[in-house]
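> Need coordinates for the below:
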Amino acid sequence: MKKSLLLSALFALLLSSCIVIEDEVYYGPDGRDGKVFFGIDYDYQAPYSYWDDNSSVPENPFFGEYYRTWPGIYNFEYFVSPWEYWYGTYEVWENPGTPGQPNGVAGLDGADNYLLLICNPDGFYFENWDDCGCTPRSFTDGTQVIEADKGNFHFRVSMKKTTIQDRPSTQQAKLKSS
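Numbering: from 1, shown residues only. Now for the predicted structure:
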């Protein structure tokens, strides 16, 4: 009995001193997704009025001010005079963070995304086209599409100019110039 107890204790001691190697790799946490910001502005002529269905943009927004918003597609209109206006959609994305890395290294945070819709009488304008990496396109029906997917700019704007005679607007302006 003493001998079997001694052998059991020796065997347990031998097993407890073994090194177990696991193939499992521990990955760090994913990086945080970037934030999304949107605002309106103009270069040389303030829009007569502005409207969009983005609830993150307040009534009477300030020109040149960014507002934190959610990713998505939003409708907008801005009048350049009491009878002529641009309408369309803008889409903004959230830049995702990168996945966590082996050995517990955290992933990189996604870049914040910014879109400042410049409401010029001749359509959308971007202050530095080279920085944005934008691809503007025009179609025969008068639609302009501007897309960007570079760094802090990840958006798509599709817009068309019209008149109240051709397309009556039913929206209540968020901002109206005096």
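> okay, CA-based contacts and neighbour counts for the rest of this
Will do.
> Sketch out the helices for the protein, chain order is fine.
Using DSSP state H, the helices of the chain run over residues 2-16, 129-132.
> All the strands of this structure, residue numbers only.
36-41, 49-52, 67-69, 72-79, 84-92, 113-120, 123-125, 135-138, 144-150, 153-163, 175-176 (DSSP state E).
> Let's have the ones you listed in a markdown table, adding distance to N60.
Shown next, in a markdown table, are the strands of the chain (distance: least, Cα to Cα, whole Å):
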| stretch | distance to N60 |
| --- | --- |
| strand 36-41 | 11 |
| strand 49-52 | 9 |
| strand 67-69 | 12 |
| strand 72-79 | 13 |
| strand 84-92 | 18 |
| strand 113-120 | 15 |
| strand 123-125 | 20 |
| strand 135-138 | 29 |
| strand 144-150 | 26 |
| strand 153-163 | 22 |
| strand 175-176 | 5 |
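> just for this protein, where's the confidence low?
1-23, 125-134, 151, 178 (pLDDT under 70).
> run the last query once more with 80
By pLDDT under 80, the weakly predicted segments of the chain are 1-24, 124-138, 149-153, 175, 177-178.
> Need the residues that contact stretch 96-114.
25-38, 66, 92-95, 151-154 (Cα atoms under 8 Å, 6 or more residues apart in numbering).
> Narrow those to just the buried residues.
29-38, 66, 92-95, 152-154 (16 or more other Cα atoms under 10 Å).
> My read is that G123 contacts Y87, right?
No: at 9.8 Å, G123 does not count as touching Y87 under the criterion of Cα atoms under 8 Å.
> which residues do these two both contact?
With Cα under 8 Å, 6+ apart as the test, G123 and Y87 both reach M159, K161.
> Neighbour count: the two, which is higher?
Legend: neighbour count by other Cα atoms under 10 Å for G123 and Y87, higher for Y87 (22 against 17).
> Distance of that one relative to S55?
Distance of Y87 to S55, given as Cα to Cα, to the nearest Å: 17 Å.
> Please apply the same query to N113.
18 Å.
> out of the strands of the chain, nearest to P61?
Set against P61 and scored by Cα to Cα, the strands of the chain come closest in strand 175-176, at 6.7 Å.
> quick one: strands adjacent to that closest one?
Using DSSP bridges, the strands paired with strand 175-176 in its sheet are strand 49-52 (antiparallel).
> Please list the outside residues in contact with the strand it pairs with.
74-80, 171-177.
> Now a ChimeraX select for only the buried ones of those.
Here is the ChimeraX command that picks out the buried ones among these, judged by 16+ other Cα under 10 Å:
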select :75,76,77,78,79,80,173,174,175,176
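> Specify which member of the contacts of strand 49-52 is nearest to E147.
Comparing the contacts of strand 49-52 against E147 with Cα to Cα places Y74 closest, at 14.8 Å.
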